[in-house]
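[1] turn this into a structure:
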Amino acid sequence: MEQLILDLLSRNIVFIAAALFVALVIFRGVRIVPQAQKFVVERFGRLHAVLGPGINFIIPFLDSVAHKISILERQLPNASQDAITKDNVLVQIDTSVFYRILEPEKTVYRIRDVDGAIATTVAGIVRAEIGKMDLDEVQSNRSQLIGQIQSSVEDAVDDWGIEVTRAEILDVNLDQATRDAMLQQLNAERARRAQVTEAEGAKRSVELSADAELYAAEQIAKARRIQADAEAYATEVVAKAIRENGIEAAQYQVALKQVEALNKLGDGDGKQTIILPAQAIEAFGDAFKMLKGIR
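    Okay, here's the model as predicted:
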């Protein structure tokens, strides 16, 4: 009886051990990888495979998950580094870099401190790019500078299986002496622009005045030209009349002029005194006779 009980216990122990072994094999052979991670599998200490998100199978006791790598986008701590521009101005650049791991097998076997390596690379590239630009270009072409830095960082970290998704320049700081100098330059530039604007206004005023005088002179010249044309036309008419009618036409025109002159002398308030020579009175009489005869 005791022997039977011992046999049953031994069999149960074997079954239990076998069940535990199978459970252990399943537990070590099945790997469920979360969506935001990748597992690096080693076999006998060497890289064997990279497991993606989902359920995966490995050989128990031969394969082991050596590294669990997050593939989420990461942000490096904000960093500040000094740089000297092309025109020898010392600036302090605050940068921020975002990246994510695309090939974990490169990252874990080629670089130890990923964040430190990227930060060092960014600092060197920022100094190199700032050294190619003047201070004004750094201030005005920040987007272009960011693009150049990101492109250079991507080329540098490509062997580490990393993608730089974004690089930002948070601020460009200057020392107080440089700020004071820039403020003086800005004030001088504003004063210069004010003087230029005032000078342009005065110049425009002179130009408009000259244009007005020129226009007035042109109008006066035009009026005189019209008057001269009218007088020339009148003279031509008189000359034509003399040619066609002889001396009588000329005497008629003179008589008209004499009468018109006499009328103008007579226009007044009645207090003026007019003295005429006898020859003028005779001439007026002849003129009236001629007018009467013509009419």
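
[2] backbone phi and psi for residue 56, please?
    phi -140, psi 160 (degrees, to the nearest 10).

[3] same question for residue 69.
    Per-residue torsions, residue 69: phi -110, psi 130 (degrees, to the nearest 10).

[4] for it, give the beta-bridge partners.
    residue 38 (DSSP bridges).

[5] Provide a list of residues in contact with it.
    Contacts for residue 69 (Cβ atoms under 8 Å, 6 or more residues apart in numbering) come out as 37-40, 101, 104, 107-108. C-beta coordinates here come from the backbone N, C-alpha and C atoms, glycine included.

[6] closest one of those to residue 161?
    residue 107 (4.8 Å; Cβ to Cβ).

[7] which helices and strands sit right next to the helix or strand encompassing that closest one?
    In this structure, residue 107 sits in helix 104-110 according to DSSP states H and E. Contacts defined by 3 or more Cβ pairs under 8 Å, 6 or more residues apart in numbering; DSSP states H and E place helix 104-110 against strand 37-43, strand 46-51, strand 63-70.

[8] got a markdown table for those, with distance to residue 196 too?
    Below are those laid out as a markdown table (distance: least, Cβ to Cβ, whole Å):
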| stretch | distance to residue 196 |
| --- | --- |
| strand 37-43 | 64 |
| strand 46-51 | 67 |
| strand 63-70 | 60 |
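
[9] could you dump the ones you listed to a markdown table with distance to residue 215 and mean pLDDT?
    Formatted as a markdown table, the helices and strands packed on helix 104-110 follow (distance: least, Cβ to Cβ, whole Å; pLDDT from 0 to 100):
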| stretch | distance to residue 215 | mean pLDDT |
| --- | --- | --- |
| strand 37-43 | 84 | 92 |
| strand 46-51 | 87 | 90 |
| strand 63-70 | 81 | 90 |
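
[10] which one of these lies nearest to residue 136?
    strand 63-70 (41.6 Å).

[11] and that closest one with strand 46-51, angle?
    Angle of strand 63-70 versus strand 46-51, following axes from the mean of the first three to the mean of the last three Cα atoms, to 10 degrees, is 60 degrees.

[12] winner for burial among the helices and strands packed on helix 104-110?
    Highest mean neighbour count of these: strand 37-43, a mean of 18 (counted as mean count of other Cβ atoms under 10 Å).

[13] ok, the contacts of residue 69 vs residue 210, which is closest?
    Nearest to residue 210 among those is residue 101, at 74.6 Å by Cβ to Cβ.

[14] ok, the closest one to residue 31 distance?
    19 Å (Cβ to Cβ, to the nearest Å).

[15] more neighbours: which of those two?
    residue 101 (20 against 17; other Cβ atoms under 10 Å).

[16] and the spatially closest residue to residue 24 that is not a sequence neighbour, what does it touch?
    With sequence-adjacent residues excluded and distances taken as Cβ to Cβ, 6 or more residues apart in numbering, residue 24 is closest to residue 60, at 7.4 Å. When contacts are counted by Cβ under 8 Å, 6+ apart, residue 60 is found next to 24-25, 28-29.

[17] can you pull out the helices in the stretch 51-200 of the chain?
    For the stretch 51-200 of the chain, the helices defined by DSSP state H, counting those that start in this stretch cover 104-110, 114-130, 135-140, 142-157, 176-245.
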